[in-house]
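>>> Generate coordinates for the sequence data below:
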Amino acid sequence: MKLKTLICISLSFLMFSCAVDETDNLIENETTEVNVSNRSADFLDYGVYWFNSQNQSAKAFDERTNRKINVSSSFYDPSKPTVVYFHGWQLNSSSNNYERENFQFVDASNNVNVNTAQIWKKKGWNVAIFYWNQFADELELKNAEAKIWSTNGNKKMRYRLSDGSYSERQAPTNSLGIEAFNQLSALLANNTSNNIRFVGHSLGNQLATYTSFLFSTAVKKGNLSARLMPNRLELLDPFWSKGRKNYLGDYNNDGSNDWTGERVRWYVQEMKNRNNLATTWYSSSLILNAGIGDSNNRLKDIAAFQSVRYWYVNAIDIPAKHVNARHSYFWGLDFDAPAEVRVNWRLQRTKTGRVAASASTSTSRIRQMMGSANLWDQVEGRYTATPEDDMFQIK
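Residues are numbered from 1 along each chain as shown. The predicted model follows:
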């Protein structure tokens, strides 16, 4: 069977790897089920949730009253740096009791069971997820993608219920990007850390980027303090669909409606110029090479681009390689930034004295890596799940 066929088959199961662990022998759950007791049949819950060191979550914002929800300092401390994670496509998660991602990395075949939220909390971070799983539960990925940018996509702002049906009864009147901005700008208004990081996985890279751009625009207009502008944007094995989107319009006035990848690229460039935003693209799978994704190669000339090689995962298991990007990233804060090396014709590794990209890498170093003629490719640590032994060749 040809590789492209195998990739396409694997991609048909992509959602399940985004919401459910790839192994059958789970020690702890990588996902959380929403408590829907005493809720109406037309259930909708979305938005920001804070996490404590036990990987437990607390709702941060009431989207119905448009108000913050007070939580203990174990969930949120306004003096601490803050990382917000945006998940991707979530096909069929609603029918599984509204199952959601969390920060537990479980891979029984490699003896991995790591609470990555605990790592960040111990390092002094606030940790959050912006959940949009009911909106992202679409058979056609493009229908979920549209809701990030606009209320005028093919399926508007419908959301999925546990019985498999869809509803618009409680649908927001804003796109998810605007909803995320409204919630996060209110929640972070008192944050004094000057260190805010947005992390988007797969389709969620678009939501992280658009939300960042809305922060940038609000700062530019004087409607938001500059200290609330994210200084780091992390794109974990990002995905953009092909084709021009009527709901996006023509941002750069070239006479054609934009692709989502184009829009992300222009926003990243503008935020780099305007806010000195550090942006990294971590590529871990072939999801953009199966004929359905936009390769967005010109973004590599703007962001720091790094290829992550999960050779300990079966070569044709594209979903696992895709999902492990988020697990590996959040686990990476537990270790020093990976070494940058040069490789000679004998395949000998020589450390340059610099580091490659990871959650632990300084923002100033990411800025140095951006916009250069170089990219970074993993050459050590490819056969282990832990990021501890990773090394990356500068090319």
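>>> Got the confidence number for the residue of the chain positioned farthest from its centre?
Largest separation from the mean C-alpha position in the chain: Arg346, at 37.1 Å (CA atoms, centre = their mean). At Arg346, the pLDDT value in this model is 93.
>>> ok, so what distance separates it from Phe130?
Going from Arg346 to Phe130 by CB to CB, to the nearest Å gives 47 Å. Any C-beta I mention is one placed from the backbone N, CA and C, and that applies to glycine too.
>>> same thing with Ser225?
Counting by CB to CB - Ser225 and Phe130 are separated by 20 Å.
>>> Those two - which one has more neighbours?
When Ser225 and Phe130 are compared on other CB atoms under 10 Å, the one with more neighbours turns out to be Phe130, at 25 against 15.
>>> which residues does the more buried one contact?
Phe130 is in contact with 47-48, 84-87, 180, 183-184, 207, 211, counting by CB atoms under 8 Å, 6 or more residues apart in numbering.
>>> repeat that with 7 Å
Taking CB atoms under 7 Å, 6 or more residues apart in numbering, we find Phe130 in contact with 47-48, 84, 86, 180.
>>> low pLDDT regions in the protein?
Scanning the chain for pLDDT under 70 picks out the ranges 1-40.
>>> Wait, Ile196 touches Thr82, no?
Yes. At 5.2 Å, Ile196 and Thr82 qualify as touching, with contact defined as CB atoms under 7 Å.
>>> how about the spatially closest residue to Lys121 that is not a sequence neighbour, what does it touch?
Sequence neighbours aside, Ser53 is the residue nearest to Lys121 in space, at 4.0 Å (criterion: CB to CB, 6 or more residues apart in numbering). Ser53 makes contact with 117-118, 121-122, according to CB under 7 Å, 6+ apart.
>>> what's the span of stretch 47-67 from first residue to last?
End-to-end distance for stretch 47-67, by CA to CA, to the nearest Å: 12 Å.
>>> how about that stretch: buried residues?
47-52, 55, 57-58, 60-61, 63 (16 or more other CB atoms under 10 Å).
>>> Repeat that for stretch 79-99.
Those would be 80-91, 93-94, 96, 98-99, for stretch 79-99 by 16+ other CB under 10 Å.
>>> Give me the packing partners of the helix or strand hosting Val114, helices and strands only.
Applying DSSP states H and E as the criterion places Val114 in strand 112-115. On a contact count with 3 or more CB pairs under 7 Å, 6 or more residues apart in numbering; DSSP states H and E, strand 112-115 meets strand 104-107.
>>> Within the sheet, what are the partner strands of the strand it packs on, with directions?
strand 112-115 (antiparallel) (DSSP bridges).
>>> what helices or strands is the helix or strand just after the strand it pairs with leaning on?
Reading on from strand 112-115 to the C-terminus, the next helix or strand found by DSSP H and E is helix 116-122. Using 3+ CB pairs under 7 Å, 6+ apart, the elements in contact with helix 116-122 are strand 126-131, helix 318-331.
>>> next structured bit after the shortest one?
Counting by DSSP H and E, the next helix or strand C-terminal to strand 126-131 is helix 133-136.
>>> contact partners of the very next helix or strand once past that following helix?
Following helix 133-136 in sequence order, the next helix or strand is helix 141-149 (DSSP H and E). Applying CB under 7 Å, 6+ apart, the set of residues contacting helix 141-149 from outside is 89, 135-136, 138, 153-155, 157, 175-177, 203, 206-207, 210, 241, 247-248, 260.
>>> In strands only, show me the buried residues of stretch 79-99.
82-86 (DSSP state E).
>>> What residues does the nearest residue to Asn126 once chain neighbours are set aside make contact with?
In space, and not counting its chain neighbours, Asn126 is closest to Thr82: 4.1 Å by CB to CB, 6+ apart. With contact taken as CB under 7 Å, 6+ apart, Thr82 is in contact with 125-126, 128, 188, 191, 193, 196.
>>> among these, who's most crowded?
Ala128 (26 neighbours).
>>> close enough to count as contact, that residue and His87?
No. Ala128 is not in contact with His87 according to CB under 7 Å; the separation is 11.7 Å.
>>> What is the neighbour count of Ser175?
The number of residues packed around Ser175, counting by other CB under 10 Å, is 23.
>>> picking up where we left off before, I'd like to know which of the ones in strands among the buried residues of stretch 79-99 is nearest to Lys321.
Among those, Tyr85 lies closest to Lys321 (CB to CB), at 18.8 Å.
>>> Now for the closest one: which residues touch it?
Contacts of Tyr85 by CB under 7 Å, 6+ apart are 128-129, 199.
>>> will you turn those into JSON lines that also has distance to Asn324?
Below are the contacts of Tyr85 laid out as JSON lines (distance: CB to CB, whole Å):
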{"residue": "Ala128", "distance to Asn324": "21"}
{"residue": "Ile129", "distance to Asn324": "18"}
{"residue": "Val199", "distance to Asn324": "14"}
